[in-house]
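S.K.: Mind looking at a prediction? Sequence and model below.
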Amino acid sequence: MKNILECHQGKAQQDLRPNFYDQVYATSEEYQKNYHESYYKNIYFKTLDILVQKRTRNILEVGCGCGTFAEMLASSRYSCQYTGFDFSEVAIARAKNRAQSPHFTFQIDNIYTSSLFKSITYDAVVCHEVLEHILKDMAIFAKIPSGTLFIGSVPSFDSKSHVRYFSSEDQVRYRYGAVCNIEEIFFMDLIYIFYGTIN
C-alpha cells in the first residue's frame, strides 16, 4: 500500500535529454513570453520577496531555462550577483538575450556534473520547476553548502517530462524536509513553492 506522504510517479521514467528541452524552448509559446506575461510570474515575484526578506545578494539559479526569472530579477533592480545555468543550448541563448546585466552570467551546464556548486560564491539557490524532471533530485541538495537558502518549486500536476509530482504540502515536506529546513510552503497556480536553509 502506498504511503500517502510519498509523491506521485510521473509519466517520465527517466531524465529526458537536452534535445527534448531544446525543442520545448524553441517551440512552446510559454517560453517566448516576457516575465510579466509568464504563467510562472507569481512564483517569480514570491521568490523575489523571499530573496529580499532574507537579504541574499549572490544567487545561483539551477535550471534557469530561458531566463524569465532572471529577466524579472534584473528589471526589479534588486542589487545582486546572479549566475544561471541550464543544459539546453536554446534556453541559454535566449536567457543571455533576455536578461542582460553586467552582474548576470549564464552558462550551459549539467545539473549532475556542474562545478558551479563549488566554484562560485552564492548564498541562495533558486530551483524553479526542475526537481520534478530529474530522477536523482536528492543528489542536488548534497552539492549545496549547509546553511544556504534554497527556494524551489514543484508541480501538483503530471506531464510527459515529470518523473514526479505532488498533491499536498505534506508530500513536499516528506520528500525534501530531511535535506532542507523548510520554513514555509505556498501553493499558487497549481505549483508548490517552498524555501528554507540546506541542512
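M.R.: Received, thanks.
S.K.: For the rest of this, base every contact and every neighbour count on C-alpha atoms.
M.R.: OK.
S.K.: What separation do you get for Pro102 and Lys136?
M.R.: The spacing between Pro102 and Lys136, counted by Cα to Cα, to the nearest Å, is 33 Å.
S.K.: ok, Phe117 - contacts?
M.R.: Residues in contact with Phe117 (Cα atoms under 8 Å, 6 or more residues apart in numbering) are Lys143, Ile144.
S.K.: who's in contact with the residue lying closest to Leu190 once chain neighbours are set aside?
M.R.: The shortest distance from Leu190 to any non-neighbouring residue, by Cα to Cα, 6 or more residues apart in numbering, is to Ser156 (5.6 Å). Residues near Ser156 by Cα under 8 Å, 6+ apart: Tyr165, Phe166, Ser167, Ser168, Leu190, Ile191, Tyr192.
S.K.: residues of stretch 170-189 that come out buried?
M.R.: Of the residues in stretch 170-189, 170-173, 175-177, 179-182, 185, 187 count as buried by neighbour count, 16 or more other Cα atoms under 10 Å.
S.K.: now that stretch, how far from the centre of its chain.
M.R.: 14 Å (Cα atoms, centre = their mean, to the nearest Å).
S.K.: Let's test this: mean pLDDT of that stretch, rounded?
M.R.: Stretch 170-189 shows a mean pLDDT of 97.
S.K.: Stretch 85-93 now?
M.R.: What stretch 85-93 shows for mean pLDDT is 97.
S.K.: first to last residue in it, what's the distance?
M.R.: 11 Å.
S.K.: Show me the contact partners of it.
M.R.: Under Cα under 8 Å, 6+ apart, the answer for stretch 85-93 is 18-19, 21-22, 25-26, 61-67, 106-111.
S.K.: Which of those fall in helices?
M.R.: Among these, the members falling in helices (DSSP state H) are Pro18, Asn19, Tyr21, Asp22, Tyr25, Ala26.
S.K.: For Ser88, see how far away the last one is.
M.R.: Counting by Cα to Cα, the separation of Ala26 from Ser88 is 10 Å.
S.K.: can you list the residues that contact the helix or strand hosting Asp49?
M.R.: Element membership for Asp49, per DSSP states H and E: helix 41-54. With Cα under 8 Å, 6+ apart as the contact definition, helix 41-54 has outside contacts at Tyr35, Phe69, Met72, Leu73, Ala124, Ile151, Met188, Asp189, Ile193.
S.K.: give me phi/psi at Tyr78?
M.R.: Main-chain torsions, Tyr78, degrees, to the nearest 10: phi -70, psi 130.
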